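Peer 1: below are the sequence and a predicted model for it; my questions follow.
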Amino acid sequence: MKGRDYVYYVIVAVASLVMVCVLPMFGSEVGLGWNVPDTKAGWVLYGVTKGSAAVCNVTIFHCFVRQGVFNVKDNPRYIEANAILDKITKGTKPRSPSRYYARTYGFKGTSVFVFSAASVIGLTNALLTYDIIAAVAYIVTVVMGIMFGVLQMRNTEDYFTNEYWQYAKQKEREEQENGV
């Protein structure tokens, strides 16, 4: 198998390691009760670390969804559905590279920039101490993310080998009924 076959699993592993090994090191205090920051810098750090955990978990979820699509790429029904939809969508107007890049860099690039800047600003002022309690919380979050991700991967595989094929067949019938 090629390395490309495992790209989503590698991303899941990296995101999981970041959550469990890196995030618990950033500025926390042990104790009972709600430990919320009392300074602006503390709130920035708090938001960045918790936001980073959320981003990692969404990344894990997304990778399992994409892996589900990858897993069915050789399924005959998936291939047939793609062929049907390719025939039907030939009349659609494709995007130009400039339009594609405008969306990619305009929205996604801006999001990456803002999140990166917030991380750099917030995390550079953090006190590096490994918080085992935070690590346990992140481990639970990662495990739950992986469990939900695997379940969603199976749902995605089922969708693209059944309902997606039915959708393509429905579109094909509609095209035939409209005389296209």
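Peer 2: Yep, that arrived.

Peer 1: which residues of this protein score low on pLDDT?
Peer 2: Along the chain, the parts satisfying pLDDT under 70 run over 1, 27-35, 91-92, 94, 112, 115, 118-128, 180.

Peer 1: for the biggest helix by length in it, packing partners?
Peer 2: The helix spanning the most residues in the chain, taking DSSP state H as the definition, is helix 40-71. Contacts defined by 3 or more C-beta pairs under 8 Å, 6 or more residues apart in numbering; DSSP states H and E place helix 40-71 against helix 7-17, helix 110-124, helix 132-158. For the C-beta atoms, the positions are set from N, CA and C on the backbone; glycine is no exception.

Peer 1: which is the next helix or strand following that helix?
Peer 2: Next in sequence after helix 40-71, counting helices and strands by DSSP states H and E, comes helix 76-88.

Peer 1: how about the helices and strands packed on helix 40-71 in TSV, adding distance to residue 97?
Peer 2: Output for the helices and strands packed on helix 40-71, formatted as TSV (distance: least, C-beta to C-beta, whole Å):
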stretch	distance to residue 97
helix 7-17	24
helix 110-124	19
helix 132-158	29
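
Peer 1: of these, which approaches residue 39 most closely?
Peer 2: The closest of the helices and strands packed on helix 40-71 to residue 39 is helix 110-124. By C-beta to C-beta, the value is 12.0 Å.

Peer 1: among the helices and strands packed on helix 40-71, which is nearest residue 40?
Peer 2: helix 110-124 (10.6 Å).

Peer 1: can you report how many residues neighbour the closest residue to residue 85 other than its chain neighbours?
Peer 2: The shortest distance from residue 85 to any residue other than its chain neighbours is 5.2 Å, reached at residue 168 (C-beta to C-beta, 6 or more residues apart in numbering). Residues contacting residue 168 under the criterion other C-beta atoms under 10 Å number 21.

Peer 1: can you give me the buried ones in stretch 6-26?
Peer 2: 8, 11, 12, 15, 16, 18, 19, 20, 23, 24, 25, 26 (16 or more other C-beta atoms under 10 Å).

Peer 1: dump the residue contacts of the third one.
Peer 2: By that I understand residue 12. Residues in contact with residue 12 (C-beta atoms under 8 Å, 6 or more residues apart in numbering) are 59, 60, 63, 64, 146, 149.
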